[in-house]
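Novice: Just to be clear, the model below is a prediction. Sequence and coordinates:
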Amino acid sequence: MDSLKQYFKSNIRQYGMVLALVVIMFFFQIVTGGILLKPANVTNLILQNSYVLILAVGMLLCILTGNIDLSVGSVVAFVGAVSAVMMVDWNMPVLPAILIALLIGIAVGAFHGVFIAYLRIPPFIVTLAGMLIFRGLTMVILKGQTKAPFEKSFQAIAAGYISGEGLSIGGFNMIAVLTGIVLSALFILGIAVNRRNQKKYGFEVLPTGFETIRALIVVAAINWLTLSLALYNGIPVVMVVLFGLVLIYTFITQKTIFGRHIYALGGNEKAAKLSGVKTKRVMFLVYTNMGLLSAVAGMVVAGRLNAATPKAGTMFELDAIAACFIGGASASGGIGTVVGAIVGGLVMGVLNNGMSIMGVSVDWQQAIKGMVLLGAVCFDVYTKSKSQAD
């Protein structure tokens, strides 16, 4: 029982946001007359919010260090503009253009990282300058115009699906169905291996009943999602990209030395430095990585719009920051998870989608999202002060 109490205490933010997401989904499912969770709209939710979720993964690492990146929306637009010039104007093949776009993103992130990590200029100032620089360069490159269209293979990154042609049974895309079954099996196997390792090394494990219920809920959610996708066009390509990023960055943050160093840097930079953490290199790599993921998001946005526009990426940085804070990241750094950032992004996405279906004006949508963000940060402050009092 003590282990269960400690588990809930240490994961209160994450489970609170998951519960909030479920409640919000059920609320909008009722008030929209069942439209929210229709297969077509579930797929639309993923496609609409993919760029925010990709940016949130990178932004989380910045927030873990106790900082933010204000330039990501402008970098998204800049990479989209460069991609359009390469593919639309120069007729460059898709694969080389994608690789060059990723390298440009890395270069932009490294540019910010040098000023932040080695010249010790505050990240807020550096990325604010970056926001202005790359928004201006986007306007210069596009000359205020929209460039389109892209090749079908490039559009597929953001708007394509894993083909289930010839593998459809009873209207279900069997690739999506089988994906749900495989993911469920892997999740259960992961829990079993983790419990065995905890027992092997003498750690307390959660009660079997609780672990079983948790596993059943997650498995049910996985299969509901994949069945919904199977009833429409199948699994979106961008969802595969996003899932891969979540796995990679969850592993990096939870299982690697570099990940521990990011948390240490955000917890107490001086203590981390005295402990042997190369804080400058960690900070440099965090912002370089943010540039890389901004480039990925930039190509996703351009592919979904099938065009590069001067105004692309506007306010994206605020969406990504809000997703991280709503998902449990601490404004002071050192606390947060990749999965939490994804949950926070989905909360924002469901709110947007649900209110749009209801016909709520954009003005009210902005106000409501602002109140949700403020509430999440207040909850963070409250839980932190309570844990310190205990």
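Specialist: On my side now, so go ahead. Note that this is a predicted model, so its numbers are computed, not measured. Numbers count the residues shown, from 1 in each chain.

Novice: Could I get the average pLDDT for stretch 98-117?
Specialist: Rounded to a whole number, the mean pLDDT of stretch 98-117 is 97.

Novice: Give the buried residues for that stretch.
Specialist: Across stretch 98-117, burial judged by 16 or more other CB atoms under 10 Å covers 98, 100-102, 104-106, 108-113, 115-117. C-beta here means a position set from N, CA and C on the backbone, and glycine is covered the same way.

Novice: what do you get for stretch 172-180?
Specialist: Burial within stretch 172-180, assessed by neighbour count using 16+ other CB under 10 Å, is assigned to 172-173, 175-177, 179-180.

Novice: tell me which of those is nearest to residue 363?
Specialist: The closest of the buried residues of stretch 172-180 to residue 363 turns out to be residue 176 (CB to CB; 37.4 Å).

Novice: need the contact list for the closest one.
Specialist: 162, 164, 226-227, 229-230, 234-235 (CB atoms under 8 Å, 6 or more residues apart in numbering).

Novice: Pipe those into TSV and attach secondary structure, pLDDT and distance to residue 77 per row.
Specialist: Compiled in TSV, the contacts of residue 176 are given as follows (DSSP: H, G, I helix; E, B strand; the rest coil; pLDDT from 0 to 100; distance: CB to CB, whole Å):
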residue	secondary structure	pLDDT	distance to residue 77
162	coil	87	28
164	coil	64	34
226	helix	93	33
227	helix	92	36
229	helix	92	29
230	helix	91	35
234	coil	88	30
235	coil	92	28
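
Novice: which two in those residues are spaced the farthest apart?
Specialist: Pairwise distances among the contacts of residue 176 were taken by CB to CB; the largest, 14.9 Å, belongs to 162 and 227.

Novice: C-terminal to the particular helix or strand that has residue 58 in it, what's the next element?
Specialist: With secondary structure defined by DSSP states H and E, residue 58 is part of helix 39-64. Remark: after helix 39-64, the chain's next helix or strand is helix 72-84, criterion DSSP H and E.

Novice: quick check: angle from that next one to helix 39-64?
Specialist: Per axes from the mean of the first three to the mean of the last three CA atoms, to 10 degrees, the angle that helix 72-84 makes with helix 39-64 is 120 degrees.

Novice: For helix 72-84, the averaged confidence score.
Specialist: Averaging pLDDT residue by residue across helix 72-84 gives 96.

Novice: which residue packs closest to the residue nearest the centre of the chain, ignoring adjacent ones?
Specialist: Here the mean C-alpha position of the chain is nearest to the C-alpha of residue 53 (CA atoms, centre = their mean), at a distance of 2.6 Å. Nearest residue to residue 53, sequence neighbours excluded (CB to CB, 6 or more residues apart in numbering): residue 345, at 4.5 Å.

Novice: list the contacts for the one you found?
Specialist: 49, 52-53, 56, 319-320, 323, 327.

Novice: and if you look at residue 113?
Specialist: Counting by CB under 8 Å, 6+ apart, residue 113 makes contact with 283-288.

Novice: which pair in those residues spans the largest distance?
Specialist: The most widely separated members of the contacts of residue 113, counting by CB to CB, are 283 and 288 (9.6 Å).

Novice: gap between the closest residue in space to residue 309 that isn't next to it in sequence and residue 77?
Specialist: Closest residue to residue 309 apart from its sequence neighbours, by CB to CB, 6+ apart: residue 146 at 4.8 Å. In this structure, residue 146 lies at 12 Å from residue 77, with CB to CB, to the nearest Å as the measure.

Novice: Who has more neighbours out of these two?
Specialist: Using other CB atoms under 10 Å as the criterion, residue 146 and residue 77 rank with residue 77 on top: 29 against 13.

Novice: Can you read off the pLDDT for residue 6?
Specialist: pLDDT, the model's per-residue confidence, is 65 for residue 6.

Novice: For residue 157, grab the count of nearby residues.
Specialist: Counted by other CB under 10 Å, the residues lying close to residue 157 total 21.

Novice: That one touches residue 241, doesn't it?
Specialist: Yes. Here residue 157 lies in contact with residue 241, judged by CB atoms under 8 Å, at a distance of 7.3 Å.

Novice: where do the contact lists of these two overlap?
Specialist: With CB under 8 Å, 6+ apart applied, the overlap between the contact sets of residue 157 and residue 241 consists of residue 300.

Novice: Enumerate every residue touching residue 41.
Specialist: 35, 353, 357.

Novice: got the contact list for stretch 124-140?
Specialist: Outside of stretch 124-140, the residues that reach it under the criterion CB under 8 Å, 6+ apart are 67-71, 73-75, 77-78, 80-81, 108, 111-112, 115-116, 310, 312, 317.

Novice: Repeat the analysis, applying 7 Å as the threshold.
Specialist: Residues outside stretch 124-140 that contact it (CB atoms under 7 Å, 6 or more residues apart in numbering): 68-71, 74-75, 77-78, 81, 108, 112, 115-116, 310.

Novice: Restricting to C-alpha, output it in PDB.
Specialist: The C-alpha trace of stretch 124-140 is given here as PDB (Å, rounded to 0.1, in the frame of the first residue of the first chain):
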ATOM      1  CA  PHE A 124      14.800  34.000 -23.900                       C
ATOM      2  CA  ILE A 125      16.700  36.800 -25.600                       C
ATOM      3  CA  VAL A 126      18.500  34.400 -28.100                       C
ATOM      4  CA  THR A 127      15.400  32.600 -29.200                       C
ATOM      5  CA  LEU A 128      13.400  35.900 -29.300                       C
ATOM      6  CA  ALA A 129      16.100  37.200 -31.700                       C
ATOM      7  CA  GLY A 130      15.900  33.900 -33.600                       C
ATOM      8  CA  MET A 131      12.100  34.300 -33.900                       C
ATOM      9  CA  LEU A 132      12.600  37.700 -35.600                       C
ATOM     10  CA  ILE A 133      15.500  36.600 -37.700                       C
ATOM     11  CA  PHE A 134      14.000  33.500 -39.200                       C
ATOM     12  CA  ARG A 135      10.500  35.000 -39.700                       C
ATOM     13  CA  GLY A 136      12.300  37.800 -41.600                       C
ATOM     14  CA  LEU A 137      14.300  35.300 -43.700                       C
ATOM     15  CA  THR A 138      11.100  33.400 -44.500                       C
ATOM     16  CA  MET A 139       9.600  36.600 -45.900                       C
ATOM     17  CA  VAL A 140      12.700  37.200 -47.900                       C
END
